[in-house]
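**Student:** I would like to see how this sequence folds:
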Amino acid sequence: MKKSKRRFQGASERKGNSKGITLVALVITIIIIIILATVTINFAFGDSGLIKQAELARDLTANSTEYESQAMSNLVAYMNEVYGELGNSGGGSTTEDGVPIPDGFYYVGGTKEEGVVISDNPADENKGTSHDAATKMAGNQFVWIPVENDSLFERYDSYRDGELFAGVTDMCSEPYAGGYANEEQEFNEMKARVLANNGFYVGRYEAGTTNPNRNEESGTEDEVLIQQGKNVYNYVGWNNSETNAMNDETGGAVELAKNFDTANGYTSVTSTLIYGVQWDAIMNFIDSKYATENCDSNSFVVDSSGKGWYEQGKPTVTGSNENYAVKNIYDLGGNVAEWTMEAIEVGHSTYRVIRGRRL
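**Tutor:** Numbering: from 1, shown residues only. Sure thing, here's the model as predicted:
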């Protein structure tokens, strides 16, 4: 891997079997709002819902004050039962600063503006977002990326080497028409969920593992962790290095990312490899001028030198320096590369696009 002192957010290409690549920020898109909407509908209109109870109270009132009193008591008891159930669902019914906390996750700290952080471990609840607190946390952590303007959830020409890489969106496609069988369907589902929930969660750190000795023969058997102080999960291709086919989602970063939710027992969220449109949403969250393609030269999304760099031959640990964090997300700056779902066709070959890398 060629050394460089300066790393910027940008785009380049590599085939799926490239070994000089670190794994992906894993993205979580939440569906808890949809779940809560269903609960609310049942709460109001179901056979035992508020409306049915109110109708019963009305009818009983016409016959007997005693029956009315009993019906009202039943209604109050029912409301307490339902609210009690919602209030003890592992964070699923709560919001922080307007940000939904999925069921089974816990609010760690932060605001919508600076980045709301959640964890899948209750021991991390309300620990705060400082670097010192991060070193003591036990669970996988994620940061909320707001997408409140649907029209801005698009791909943009990103920056590379301190300058706008004009035309990159025209060169790349997403979803890739020649991709695997469910690729377009998965993209459409991801986009619909993001827009319905007004955002998504991204891994707070570069994907890591407890194995300090990964090499070209390591494969994908090591556990994936989104935690501070883990060894960077490197030597991972986009897919199976034996096939190199861009219509094969198995055996590499894509499969690891898609299986992350199941591996951790998540039931209220879906995990995916990060899409180009999501990467751009993160950049726009960091700097709102990103969508106008007119960022200042000192913007993080233009020049992230000194904000982190994982050299392939010298893997370091995730979240190692508090100065590497922006919007409570670590390890974005100066990274070696991030596999994404974008694709580019060059000549007769197809590649998947890597974001965040200087050529």
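**Student:** any idea how far residue 126 is from residue 227?
**Tutor:** Applying Cβ to Cβ, to the nearest Å, the value for residue 126 to residue 227 is 18 Å. In short, each C-beta sits where N, CA and C put it, glycine included.
**Student:** hang on, I meant residue 145
**Tutor:** Residue 145 is 19 Å from residue 227, where distance means Cβ to Cβ.
**Student:** before we move on, what about residue 119?
**Tutor:** Residue 119 is 9 Å from residue 227, where distance means Cβ to Cβ.
**Student:** Domain map for this protein?
**Tutor:** Per the record, the chain has its domains at 11-31+102-355, 35-87, by automatic domain parsing.
**Student:** and these, which one is worst for confidence?
**Tutor:** With a mean of 49, domain 35-87 has the lowest mean pLDDT of those.
**Student:** Which of the three states applies to residue 271?
**Tutor:** Using DSSP: H, G, I helix; E, B strand; the rest coil, the structure places residue 271 in strand.
**Student:** Quick check: it touching residue 255?
**Tutor:** No: Residue 271 is not in contact with residue 255 according to Cβ atoms under 8 Å; the separation is 11.1 Å.
**Student:** Between these two, which is the more surrounded one?
**Tutor:** Counting neighbours by other Cβ atoms under 10 Å for residue 271 and for residue 255 shows that residue 271 has the greater number, 23 against 17.
**Student:** what's across from the more buried one in the sheet?
**Tutor:** Residue 271 has these beta-bridge partners by DSSP bridges: residue 28.
**Student:** gap between it and residue 304?
**Tutor:** Counting by Cβ to Cβ - residue 271 and residue 304 are separated by 25 Å.
**Student:** Repeat that for residue 270.
**Tutor:** In terms of Cβ to Cβ, residue 270 sits 29 Å off from residue 304.
**Student:** Comparing the two, which residue is more hemmed in?
**Tutor:** Neighbours were counted for residue 270 and for residue 304 using other Cβ under 10 Å; residue 304 has more, 25 against 19.
**Student:** Provide a list of residues in contact with the closest residue to the more buried one other than its chain neighbours.
**Tutor:** Distances taken as Cβ to Cβ, 6 or more residues apart in numbering place residue 333 nearest to residue 304, at 3.2 Å, with adjacent residues excluded. Counting by Cβ atoms under 8 Å, 6 or more residues apart in numbering, residue 333 makes contact with 7, 9, 300, 304-308, 324, 326.
**Student:** and with 6 Å instead?
**Tutor:** Taking Cβ atoms under 6 Å, 6 or more residues apart in numbering, we find residue 333 in contact with 304, 307-308.
**Student:** want to throw these into TSV with secondary structure and distance to residue 216?
**Tutor:** TSV is the format used below for the contacts of residue 333 (DSSP: H, G, I helix; E, B strand; the rest coil; distance: Cβ to Cβ, whole Å):
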residue	secondary structure	distance to residue 216
304	coil	28
307	coil	27
308	coil	23
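**Student:** Out of the residues you listed, which is nearest to residue 201?
**Tutor:** When the contacts of residue 333 are compared for distance to residue 201 (Cβ to Cβ), residue 308 wins out at 20.2 Å.
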